[in-house]
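S.K.: here is a sequence with its predicted model. Questions after.
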Amino acid sequence: MIGKLNHVGVATPSIDASVKMYKEMLGATSVTEKWAMPEQGVWVCFVNLPNSQIELIEPYGEASPIHGFLAKNPKGGQHHICFEVEDIIAARDDMKAKGATVLGEPRIGAHGTPVIFIHPKDMGGMLVELMETPKGDAH
Ligand code: CO
C-alpha cells in the first residue's frame with residue numbers, strides 16, 4: 001500500500017532562515033511562499049526538489065504541536081516523513097487493524113488531500129504521515 005515518498009517534514013524555528021539556507025547553501029531554486037495552517041498550528045512552505053519536496057514547518061500559535069519538538073531540538077530537524085497512499089480511509093483502517101496508533105482522524109493536509117499520522121513507536125522511531133495521492137496529479 002505504500003506509495004511515493006511525497007515529502008520529508010522538517011521543523012524549524014524560522015522558515016525564513018531555513019529557506020535562506022536551502023537557497024544559499026544548497027542552491028534550491030524552487031521554493032513556495034509560506035502560508036499559515038491555523039488548524040494544524042503551523043506555518044508551511046515547500047522546497048521543491050527534482051524528485052520530492054522538503055516541507056518546512058514553523059510553529060503557528062501557542063498551541064502548536066511542534067513547540068515540544070523544537071524545545072528538544074532548538075535548531076529544528078527532521079520531524080516526519082510522508083508517503084502517499086491511494087485511499088486514506090483504507091490506509092487508516094489497515095494501520096489500525098495491524099495495531100498501529102493512528103493519531104487523530106484524517107484531515108486535509110498541506111497538499112489539499114487528506115492525511116493521517118502514525119505514532120513513531122509503531123514506525124521504527126519515525127513519525128509517519130500518510131497522504132492520499134492528489135487525483136489526476138503525478139505529484
Ligand atoms: Co507533512
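M.R.: In hand now; what should we look at?
S.K.: going by C-alpha atoms from here, please, whenever you check contacts or count neighbours.
M.R.: Fine.
S.K.: how about the nearest residue to P114, chain neighbours excluded?
M.R.: In this structure, P114 finds its nearest non-sequential neighbour in I108, 4.3 Å apart by CA to CA, 6 or more residues apart in numbering.
S.K.: the one you found contacts L130, correct?
M.R.: No - I108 lies out of contact with L130 (CA atoms under 8 Å); the separation is 11.4 Å.
S.K.: quick one: common contacting residues for these two?
M.R.: V115 (CA atoms under 8 Å, 6 or more residues apart in numbering).
S.K.: show me which of these two is the more surrounded one.
M.R.: L130 (26 against 14; other CA atoms under 10 Å).
S.K.: ok, then the element right after the lowest-mean-pLDDT helix or strand in the chain?
M.R.: The weakest-scoring helix or strand in the chain, judged by mean pLDDT, DSSP states H and E, is strand 102-108 (a mean of 93). Later in the chain than strand 102-108, the nearest helix or strand by DSSP states H and E is strand 114-118.
S.K.: any residues touching that following strand, and which ones?
M.R.: Contacting residues not belonging to strand 114-118 are listed as 88, 92, 100-109, 127-132 [CA under 8 Å, 6+ apart].
S.K.: can you check stretch 125-139 too?
M.R.: The contact list for stretch 125-139 (CA under 8 Å, 6+ apart) reads 6, 79-88, 91, 109, 111-120.
S.K.: in ChimeraX, how would I select just the buried ones from the residues you listed?
M.R.: Per 16 or more other CA atoms under 10 Å, the buried members of those correspond to this ChimeraX selection:
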select :6,79,80,81,82,83,84,85,86,88,91,109,114,115,116,117,118,119
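S.K.: in the chain, which strand has the most residues?
M.R.: strand 77-85 (DSSP state E).
S.K.: which is the next helix or strand following that one?
M.R.: On the C-terminal side of strand 77-85, the closest following helix or strand by DSSP H and E is helix 88-97.
S.K.: and the contacts of that next one?
M.R.: Helix 88-97 is contacted by residues 1, 85, 101-102, 106, 114-116, 130-132 when judged by CA under 8 Å, 6+ apart.
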